[in-house]
Structures are given as structure tokens and as C-alpha cells.
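> Give me the fold of what follows.
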Amino acid sequence: MDPMDTFVSLSIGLTGFKRGALAPDNDTHDIKSLYLQTFIDRVSQATVNDILLWYKLTDRHVSGNPPDREERVVALLFADKPEYEFPCRQLLFLWYAGAWPTVTDTPAATHGQTFSEVISADSYTQGLVWRVMQSHPMGRSTYHYGYWAQPPAPLSDYLENPV
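Residues are numbered from 1 along each chain as shown. Below you'll find the predicted structure:
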């Protein structure tokens, strides 16, 4: 498994989305590459390499090919390496919100608050939160005028297919 495949598998386990939604064959936005680079830049190359290596090693402990394989691997990974949970939570936030979260750790009044920084216009519009809400970001829609007059498509259309 190359680093991008491992990163996508980890992301599937974290987000619950299928490969076709996170890494579609016809990937015009290539958001996965932006997110992997952001993960490396914000956490560190060494830590990301270690997380991906441990994910691959943990993956070998899941027998067969269950439909929730990636979720099981993530659960086993966190059981063995709980220190990876926080950076992976930040990655999860990135996938859903298109922004990198920072939790303040100061004695100030903002202690424990989360602040986020949107990575790019694409990261904002490609955030998974829009699919979960069966919606689209303000100012960007691929829907035709008057689409709201029709019943929404099934949730699976939003969750499994790239927008």
C-alpha cells in the first residue's frame, strides 16, 4: 500500500465515507492530496509517517475483508496507539469542515476552545459536512435553479458519490 492509499484507507476509517467519495476515479479537485499535505504540515512528517505505518501494520490483524474493515483498523490503532487519536481527530475535522482545528491550551479564557483555519476555497466547498447535510456551501452549487422544489435525493447519493 503506498502512502496515499494508506492515507485514504485511514480517512475512510475515520470519516465513514467510502473510497469513491474520498478518492474518486475522476478526481478534479484532488482534495485528498491537499489534505495529506496539510496533515503533514500541521502535525509533522515523522508523526504522519508513523501513523500511516502503524495503520498498515494494524490492518494486517483484521482477517477477511469485512465491509467495515477501515473502521475496525482505526479502532485497533487507537487501542494500541492512543497518542494518535488527537491528530486523527484533527484530520477528521479537516475532512468534514475543510479547515484545520487548533485547540487552545493556555490558562486564558479561551482555554480548551477550538479555532479553525480554512485551508482553501476547494477544501471549504469539498467538506464532507455538506454531503451529510444534503446541502451545498453558500455561493457554490452544482444544482439547477429550483432544485429545492423537488424532494431531496436519498442520503446515500450524497454520501457515496463525489459532488
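> Just give the number of residues close to residue 152.
By other CB atoms under 10 Å, the residues close to residue 152 number 11. Yep, even glycine has a C-beta here, placed from its N, CA and C like the rest.
> ok, it touching residue 134?
Yes. Here residue 152 reaches residue 134: they are 5.1 Å apart, a contact under CB atoms under 8 Å.
> Give the residues shared as contacts by those two.
Contact with both residue 152 and residue 134 is made by no residue, according to CB atoms under 8 Å, 6 or more residues apart in numbering.
> Specify the beta-bridge partners of residue 103.
residue 114 (DSSP bridges).
> longest single helix anywhere in this protein?
helix 45-59 (DSSP state H).
> so how far is residue 151 from the residue nearest the centre of the chain?
Centroid check for the chain by CA atoms, centre = their mean gives residue 95 as the closest residue, at 3.0 Å. Remark: distance between residue 95 and residue 151 (CB to CB, to the nearest Å) = 28 Å.
> Check residue 140 too.
For residue 140 relative to residue 151 (CB to CB), the value is 22 Å.
> next one: residue 114
Note on residue 114: its distance to residue 151, by CB to CB, is 35 Å.
> Name the nearest residue to residue 36, sequence neighbours excluded.
residue 7 (4.9 Å; CB to CB, 6 or more residues apart in numbering).
> Read off the pLDDT value for the one you found.
Predicted confidence (pLDDT) at residue 7: the value is 97.
> tell me which element it falls in.
Here residue 7, judged by DSSP states H and E, is contained in helix 3-15.
> Please enumerate the helices of the protein.
Using DSSP H, helices in the chain cover 3-15, 19-22, 31-43, 45-59, 69-80, 85-97, 121-125, 128-132, 155-160.
> Can I get these in TSV including distance to residue 146?
Listed next are those as TSV, based on distance: least, CB to CB, whole Å:
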stretch	distance to residue 146
helix 3-15	31
helix 19-22	26
helix 31-43	29
helix 45-59	44
helix 69-80	38
helix 85-97	28
helix 121-125	21
helix 128-132	19
helix 155-160	18
